[in-house]
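**Student:** Fold the following for me, if possible:
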Amino acid sequence: MASLLLDPVRPDDTDVTTAVEALPHVKDYLTRHPGHEAVRLVVDDERQDSLTVPRGAVELLARILAHMAKGQGVSVVPSHAELTTQQAADMLNVSRPFLIGLLDAGEIEYRKVGKHRRIKAESLIAYLREDDRDRRAAADELSSLSQEMGLL
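**Tutor:** Residues are numbered from 1 along each chain as shown. Next up is the predicted model:
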C-alpha cells in the first residue's frame, strides 16, 4: 500500500512570519468574495503568471496558513486515504494500543487487510468530530450544573 500520509511540512521562523502576514489577506479575500467558486491567483514576479484554483483550495490554504502561523507542522491527507494503526494513532496523538482499543470497541470504523487493520482518514475525522462534540456537551453540562449550584 502506498502511503498517502505525507510527512508534515514544519515551518521555520521565516515561514511562520510569512504565514502570519499572508493569513489576514487570504481570510479578507474569502470574506469579501463569498460567492466565487474559483479564485485567480497572480504570481508577483516579472512574468505575472496567473492560475485559477477552486475556492475550497484557498479555504484549505487559509487553514494551513493558520497552523503554520502558530509554528505547527501541517500535513494534507485525502479523506479516502487508508492509514495504518500507527499513522492513525499519531494523528490522534495517542498510543497504538489505545487506538486498537478504540477500534475493537467499535468507536472508529476500520477494515482488515490480512491481519492488519486499516483506518480510513474520513473515519478518523468522524471520530474526532464526535469526540469533540461529546467533550463540548460535557463541558456545557458541567457549566450548567456549576451555575445551578451557585459555584459560578
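
**Student:** list the helices and strands the lengthiest helix in the chain packs on?
**Tutor:** In the chain, assigned by DSSP state H, the helix with the most residues is helix 121-148. Applying 3 or more C-beta pairs under 8 Å, 6 or more residues apart in numbering; DSSP states H and E, one finds that helix 121-148 contacts strand 82-83, helix 85-92. Placement of C-beta: from N, CA and C, glycine included.

**Student:** May I ask which helix or strand encompasses residue 41?
**Tutor:** Assigned by DSSP states H and E, residue 41 belongs to strand 38-42.

**Student:** got the CA coordinates for that strand in PDB?
**Tutor:** C-alpha atoms of strand 38-42 as PDB (Å, rounded to 0.1, in the frame of the first residue of the first chain):
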ATOM      1  CA  ALA A  38     -12.900  29.800  -8.300                       C
ATOM      2  CA  VAL A  39     -10.000  32.100  -7.300                       C
ATOM      3  CA  ARG A  40      -7.500  33.600  -9.700                       C
ATOM      4  CA  LEU A  41      -4.000  33.800  -8.200                       C
ATOM      5  CA  VAL A  42      -1.300  36.100  -9.700                       C
END
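
**Student:** what does it rub up against?
**Tutor:** Strand 38-42 is contacted from outside by 29, 33, 48-55, 57-58, using C-beta atoms under 8 Å, 6 or more residues apart in numbering.

**Student:** what helices or strands is whichever helix or strand comes after it leaning on?
**Tutor:** Counting by DSSP H and E, the element after strand 38-42 in chain order, helix or strand, is strand 50-54. For strand 50-54, the packing partners by 3+ C-beta pairs under 8 Å, 6+ apart come out as strand 38-42.

**Student:** change it to 10 Å
**Tutor:** Strand 50-54 is packed against strand 38-42, helix 55-69, with contacts defined by 3 or more C-beta pairs under 10 Å, 6 or more residues apart in numbering; DSSP states H and E.

**Student:** What is the neighbour count of the closest residue to residue 109 other than its chain neighbours?
**Tutor:** Spatially, and ignoring its direct neighbours in sequence, residue 109 is nearest to residue 123 (4.1 Å; C-beta to C-beta, 6 or more residues apart in numbering). Neighbour count for residue 123, taken as other C-beta atoms under 10 Å: 20.
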